[in-house]
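Chemist: Pasting the sequence and the predicted coordinates here, then a few questions.
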Amino acid sequence: MLSLQDIRTLFDHRGAEQYSGEPVTQLEHALQSAALAEGEDADDELVTAALLHDLGHLLHDLGETPSLRGVDDVHQYAALPFLRGLFPNRVLDAIQGHVDAKRYLCATRPAYHDALSADSKRSLVLQGGVFSAEQAAEFAAKPGAMDAVRLRLWDDLAKAEGLVTPTLDHFLARAQRISLA
């Protein structure tokens, strides 16, 4: 299990890396996602999930933009063993579900796919593609699915170059409030 200090250290060491073909770093993307959640008055659990939803990218060394090489890094699962015991299941479920939420949104909102970035479109194919109507209904029926959808929408918007956000310390303080450790 990671501690909050371990998470800070991970962002200190790898947060300056480019975020998969986007004009922001891994840390900027995390902070922007959390700031968008906070801006919509999300609670501490969803703000923390937004901050940490792509932590799995920082836990492997597959190089920049693995989707260009046909690699799905399954980042939505990679961080879960390290966060389990530190945060409530609602945080973990939103993180785990944010990739399937993209597949769901592509199936249920016709214009959603067209608005995705090039890397998000590439990774969508690697992640199983657009859900069928049956898969979308199954996803929507899962507990926490709509939390994952909210997180996904913040994730999609959190790619703005030069956007000013609150600091990592600000969001880690919110995470501390819901920490189980």
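Modeler: On my side now, so go ahead. Residues are numbered from 1 along each chain as shown.
Chemist: Can you point out the buried residues in stretch 85-94?
Modeler: Of all the residues in stretch 85-94, those buried under the rule 16 or more other C-beta atoms under 10 Å are 86-87, 90-94. Every C-beta, even on glycine, is put in place using the N, C-alpha and C of the backbone.
Chemist: Among the residues you listed, which lie within helices?
Modeler: The subset of the buried residues of stretch 85-94 located in helices under the criterion DSSP state H comprises 90-94.
Chemist: Can you read off the pLDDT for residue 132?
Modeler: Reading off the confidence values, residue 132 has pLDDT 97.
Chemist: Distance check, it against residue 139.
Modeler: Residue 132 sits 10 Å away from residue 139, going by C-beta to C-beta, to the nearest Å.
Chemist: ok, of the buried residues of stretch 85-94, which one's closest to residue 50?
Modeler: residue 94 (8.0 Å; C-beta to C-beta).
Chemist: for this structure, what helix or strand is lowest in average pLDDT?
Modeler: Each helix and strand of the chain was given a mean pLDDT (mean pLDDT, DSSP states H and E); the minimum falls on helix 75-78 at a mean of 79.
Chemist: what's around residue 162, how many residues?
Modeler: When neighbours are counted by other C-beta atoms under 10 Å, residue 162 registers 7.
Chemist: Report the secondary structure state of it.
Modeler: At residue 162 the chain is in coil, as set by DSSP: H, G, I helix; E, B strand; the rest coil.
Chemist: Surely residue 49 is in contact with residue 149?
Modeler: No: at 12.0 Å, residue 49 and residue 149 do not qualify as touching, with contact defined as C-beta atoms under 8 Å.
Chemist: which regions of the chain sit below the pLDDT cut-off?
Modeler: Across the chain, the ranges flagged by pLDDT under 70 are 62-74.
Chemist: Tabulate the ones in helices among the buried residues of stretch 85-94 (CSV), appending distance to residue 127.
Modeler: Formatted as CSV, these follow (distance: C-beta to C-beta, whole Å):
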residue, distance to residue 127
90, 22
91, 21
92, 18
93, 17
94, 16
